[in-house]
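1. Give me a model of this one.
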Amino acid sequence: MKQPTILVVGSANMDLVVKAPRIPVPGETILGGSFARVRGGKGANQAVACSRLGAQTFMLGRVGTDSFGDELLEGLQSDGVCCRLMIRDEEAASGIAIIVIDGGGENAIVVAPGANGRVSPADIDPVRGLSGIDAVLCQLEVPVDAVEAALDAAREAGVMTVLDAAPPTALPASLLAKVDVLTPNQTEACAILGLPVDACLAPEEAAARLLETGARQVVLKLGADGALAAWDGGMERVPSFPIEPVDTTGAGDAFTAALAVNLASGKDLVAATTAACAAGALAATVFGAAPSMPTAEAVAAFMKAHGRG
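-> Have a look, this model is predicted:
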């Protein structure tokens, strides 16, 4: 399997994490347990995961000139991510995320975007041409016009595009038409389709409708039920891997990064989705976002141990 080169365009946050017996309801104050400060942001998480999974990885985004920005860049570089496309924003603080994790490993998150919210189409200009890049991986924690500009640049260069449609939001048809692989969960799928979040679509129906939006392939994340890979003319369910979750915060990021790396390495959609399910499961067994991103060796051993290597 060749070493792919991946450009991640997205967010970098400092996660402020509190463990609690349960997630509070609106207006309620509860006593939590331990507190930790952990590197996160969907873009940075996925960049770290791509690098640990064996890809040569570049990240494009913004952090502030504050101490959080220093830590975020140092952390990315320590994981082998090239940060020469990262911008230090002098007018906005680095993004933060406030995360509450309950006793079962589920989480609730509030994000203050900070410098992430100032990523612009002009920031994409230095990478137009994309020489030597195999895939561009985006999420939705930076402005949509910047995401569309990155997809444009990739399409112009004939580079595969992968979009993690998180957090959930409606997306313009012009953007979806530039996506080669769309990877929403069920809530995000509803947002894209303009449906209420509690709409009870079967995964197969949701995937079929997502393909009609213009995306060429869809991998619908189903949590504990695995994933559904869909393409023009076919669909296949990919089962999950059994685990005892510790913290699900970075599981979706590990999933999408592994999907992108495996596709860029030449695997087909179902094989790449199987590896993605393994990576997401492994990430959920470790506390923290960036720290939970697994290595290629760990994913391979995990899959082999479950007879799916």
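2. make it CA atoms for all contacts and neighbour counts henceforth
-> OK.
3. Touching stretch 302-309 from outside, list them.
-> F241, A275, A278, L282, A300, A301 (C-alpha atoms under 8 Å, 6 or more residues apart in numbering).
4. Among those, name the ones in helices.
-> Counted as lying in helices by DSSP state H, out of those, are A275, A278, L282, A300, A301.
5. And the second one, how far from M293?
-> To tie it back to what came earlier, the one meant is A278. A278 sits 11 Å away from M293 when distances are taken as C-alpha to C-alpha, to the nearest Å.
6. hang on, isn't V147 packed against V8?
-> No. Judged on C-alpha atoms under 8 Å, V147 makes no contact with V8 at a distance of 10.5 Å.
7. Quick check: neighbours shared by those two?
-> Contacts common to V147 and V8, judged by C-alpha under 8 Å, 6+ apart, are C138.
8. ok, and for the lowest-mean-pLDDT helix or strand in the chain, which residues are buried?
-> One helix or strand of the chain scores below all others by mean pLDDT, DSSP states H and E: strand 107-112, with a mean of 88. By 16 or more other C-alpha atoms under 10 Å, the buried positions in strand 107-112 come out as N107, A112.
9. In contact with the residue nearest to C82 when sequence neighbours are not counted, which residues?
-> Spatially, and ignoring its direct neighbours in sequence, C82 is nearest to F58 (4.7 Å; C-alpha to C-alpha, 6 or more residues apart in numbering). Each residue near F58 by C-alpha under 8 Å, 6+ apart is listed here: T5, I6, L7, V8, A47, V81, C82, C83, R84, L85.
10. Return the set of residues that bridge with the second one.
-> Just to be clear, that refers to I6. Beta-bridge pairing of I6 under DSSP bridges involves T57, A135.
11. State the phi and psi torsions of G129.
-> Main-chain torsions, G129, degrees, to the nearest 10: phi 110, psi -40.
12. Pull the contacting residues for it.
-> A153, A154, E156, A157.
13. Angles on the backbone of the second one, please.
-> Torsion angles at A154 (phi, psi; degrees, to the nearest 10) stand at phi -70, psi -40.
14. neighbours of the residue nearest to V147 when sequence neighbours are not counted, just the number please.
-> Excluding the flanking residues, the one nearest V147 by C-alpha to C-alpha, 6+ apart is C138, at 6.5 Å. Neighbourhood size, C138 [other C-alpha atoms under 10 Å]: 30.
15. just S51 next, same as before
-> S51, neighbours per other C-alpha under 10 Å, totals 26.
16. With the one 4 residues further on instead?
-> Residues lying near A55 (other C-alpha under 10 Å) number 28.
17. Use 454 as the first number from now on
-> I'll keep to 454 as the first residue from here, and by that count the last item is A508.
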